[in-house]
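Undergrad: one predicted model, sequence on top.
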Amino acid sequence: MKLLFGRPAGLTEIKQRYCPGCGHGIVHRIIGELLVEMNIREKAIGIAPVGCSVFADEYFNCDMIQVPHGRAPAVATGIKRTRPDCVVFTYQGDGDLAAIGTAETIHAAARNENITIIFINNAIYGMTGGQLAPTTLPGMRSTTSVKGRDVVKQGYPIKVCELLNALDGPFYLERVAVDTPKNIIKTKKAIKTAFQYQLENKGFSLIEVLSMCPTGWGVTPIQAKKWIAEVMAKYYPLGEFRNRAKEVK
Amino acid sequence: MAEKTLMYGNHALVEGAIYAGCRFFAGYPITPQNEIPEYMSIRMNEVGGVFLQTESELAAINMLFGAAAAGARAMTSSSSPGISLMQEGLSYIAGADIPVLVVNVVRGGPGLGNIAPAQSDYFQSVKSGGHGDYHTIVLAPNSAQEMFEFPRLAFELAEKYRNPALILADGLLGQMMEPVEIKGEPIDPKSLPEQDWWLTGCKGRERRVVRSYDLRPGKLEEWNWRRWKKYQEILNNEQRWEEIKIDDAEVIVVAYGTSARVAEAGVRMAREKGIKAGLLRPITLWPFPAKIISELSKKVEDFLVVEMSLGQMIEDVRLAVEGKARIHFIGHPGGGLPTGPEIYNKIIEIRSKK
Ligand SMILES: Cc1ncc(C[n+]2csc(CCOP(=O)(O)OP(=O)(O)O)c2C)c(N)n1
Ligand code: SF4
């Protein structure tokens, strides 16, 4: 019998613990496929964060390191500078990257560090039970903003791609989503481009992925997908923010 | 006699680190250790190593985490407030059993304190300043020569036990000039054999994972007991100290680093007056040289601990002595230095009250 669809060799056999309908699983699959398709699995070093994807160190079938909350871009810098021939990627949530790790993110981008950041924006803290994230939308409910985010008291969300786009450093910034098959294909293309740029020593790439957290949002998986298209992508517009490969010289 | 070069302590430390094969440095400016990153930026460029001035000490220690996990001999240096920020990373590094070298050129604290030489970070260094049960190997140099030699010893111990190591100096040691003898063969980091935990990309082998967590029931306890065994081994095998005139001593001064240099003068003055004083200088602060102190306490009645702090190492001396001798103290918290005559006078006072 011919196998038409199976687990990519870029993922281990370990059963993932993500909730049904969660975006993490989809992005994991994309990265797992690319590790093999781009023939980089054997020179990849992945960095697992703090958050729901802490166990990414078990899931990606390549060398992995699990690091402190938010510090992945700094660890990535240490690895990449030591092993410039390896493909170094971080996989981080929005609490990880845009709250505690804001400084590490901005400075790795400003240095145009030759690494790839996969940034999962699910607008909430998943693992710790659905608290307000730096990306929680105005009016959006969380366990620490039960009446909805009040921007007067809790401030405005951080738009990471827009923020980093203000810097001269980064090479490639794109925001994608995993709510529909079409968007999933686009996500894969963006991550592939980011890896490719790293192989070409172009520098810093960050792919922001709008991703479902049905559990944290308290909705069904179907509703979660709809919410991304109808609400989230309006606040966080999809598209390429920076691609220095396309800039006219 | 071998040729000696006049060097700042901080520069000697840089030369010693590079001699030891260190090719990765990440750090953030803070007085009184700025000569280290400044000189490193020049020397790393010359030897083809990596130098990074980071956005914070948090970033620096985490860069070390990555670099060392990928197989580099990596170090950072900072001073007290910066070392506080590094404690998060150190805990992870200790939890993942990764060797790195951290140099603390201590200044007066707490808080912003001042930039004068101090020894007030002893607790933080030897009792594990970050969260969780762990220990850092801690070396205390007392000369520019040891500033040159200790990076190598620190890397060797760190790698032998897969544990972070710390060099605890102070502004005086860093900024004074002394003749230094460049000893031993320089290490080419490329000659270091690949370790079975290095992250290098999994070509031709099973993938490797570096992590500090284990959520499976009972597993973390197993890990930590294994680590405890390692700590016992270090405690048994690596206690280092220097002794001066302790064989017939009736008062033994216990002091490390800068305090020990001053204490030596005090001991010499006492000996000139026919008082049997000796000096025991811990070189490793963790593992603390408790064995020798415990031995000595069986025959010596008085120990005088001298520290540039409110009294921190004194607790380890007390533990080692186990009530078998009297313990006295001279402390200078906040950047003041003890003097030879001060120590001499205290020795006289101790012996006259006997
Ligand atoms: C220093 C530190 N502070 C807090 C935590 C607790 N913590 C664990 S996961 C998490 C939030 C993660 O949220 P996010 O990065 O958005 O990832 P998600 O869980 O949504 O995938 C927090 C605050 C921690 N582990 N370390
Ligand atoms: S809590 Fe949210 S982010 Fe975490 S696994 Fe569940 S759905 Fe995914």
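TA: That came through fine. Residues are numbered from 1 along each chain as shown, chains lettered A, B, ... in the order given. Ligands and ions are numbered 1, 2, ... in the order given.
Undergrad: and whatever residue of chain B ends up closest to ligand 1, helix, strand or coil?
TA: Closest to ligand 1 within chain B is B:Glu88: 6.9 Å, counting by Cβ to the nearest ligand atom. (Glycine included, C-beta is placed from N, CA and C.) Using DSSP: H, G, I helix; E, B strand; the rest coil, the structure places B:Glu88 in helix.
Undergrad: I'd like the distance between it and chain A.
TA: Look at B:Glu88 and chain A: by Cβ to the nearest Cβ, to the nearest Å, they are 6 Å apart.
Undergrad: cool, and B:Leu220?
TA: Distance of B:Leu220 to chain A, computed by Cβ to the nearest Cβ: 14 Å.
Undergrad: same thing with B:Thr54?
TA: Distance from B:Thr54 to chain A, by Cβ to the nearest Cβ: 7 Å.
Undergrad: ok, that residue touching B:Pro29?
TA: No - the pair B:Thr54 / B:Pro29 is not scored as a contact, 9.9 Å apart, by Cβ atoms under 8 Å.
Undergrad: looking at those two, which is more packed in?
TA: Using other Cβ atoms under 10 Å in any protein chain shown, the more surrounded residue of B:Thr54 and B:Pro29 is B:Thr54, with 23 against 14.
Undergrad: and the helices in chain A?
TA: A:23-37, A:56-59, A:72-82, A:94-95, A:102-110, A:151-154, A:160-165, A:181-199, A:214-217, A:221-227, A:233-235 (DSSP state H).
Undergrad: so which of those helices is nearest ligand 2?
TA: Nearest of the helices of chain A to ligand 2, taken as Cβ to the nearest ligand atom: helix A:214-217 at 3.9 Å.
Undergrad: please identify the most buried of the helices of chain A.
TA: helix A:72-82 (a mean of 29; mean count of other Cβ atoms under 10 Å in any protein chain shown).
Undergrad: for residue 120, what are its contacts?
TA: Assuming you mean chain A. A:Ile120 makes contacts with A:23-24, A:27, A:53, A:91-94, A:209, A:211, as judged by Cβ atoms under 8 Å, 6 or more residues apart in numbering or on different chains.
Undergrad: correction: the question concerned chain B.
TA: Applying Cβ under 8 Å, 6+ apart to B:Ser120 gives the contacts B:80, B:106, B:108-110, B:113, B:308-310, B:312, B:333-334.
Undergrad: what is the burial count for A:Leu167?
TA: 16.
Undergrad: what about A:Leu199, distance to A:Glu247?
TA: 19 Å (Cβ to Cβ, to the nearest Å).
Undergrad: distance of the residue nearest to A:His24 when sequence neighbours are not counted from A:Val248?
TA: Excluding its sequence neighbours, the residue lying closest to A:His24 (Cβ to Cβ, 6 or more residues apart in numbering or on different chains) is A:Tyr18, at 4.7 Å. Counting by Cβ to Cβ, the gap between A:Tyr18 and A:Val248 amounts to 42 Å.
Undergrad: residue 118: how many residues sit nearby?
TA: Looking at chain A here, since you left the chain open. A:Ile118 has 27 nearby residues by other Cβ under 10 Å.
Undergrad: nope, chain B please
TA: With other Cβ under 10 Å as criterion, B:Ala118 counts 28.
Undergrad: kindly report the same for B:Leu337.
TA: Other residues lying near B:Leu337 total 16 when counted by other Cβ under 10 Å.
Undergrad: quick check: it touching B:Thr258?
TA: Yes - counting by Cβ under 8 Å, B:Thr258 is a contact partner of B:Leu337 at 6.9 Å.
Undergrad: common neighbours of these two, please.
TA: With Cβ under 8 Å, 6+ apart, B:Leu337 and B:Thr258 have common neighbours B:117, B:172, B:308.
Undergrad: from B:His332, how far out is the first one?
TA: Right, the one you point to is B:Pro117. Distance from B:Pro117 to B:His332, by Cβ to Cβ: 10 Å.
Undergrad: no further queries at this time; thank you.
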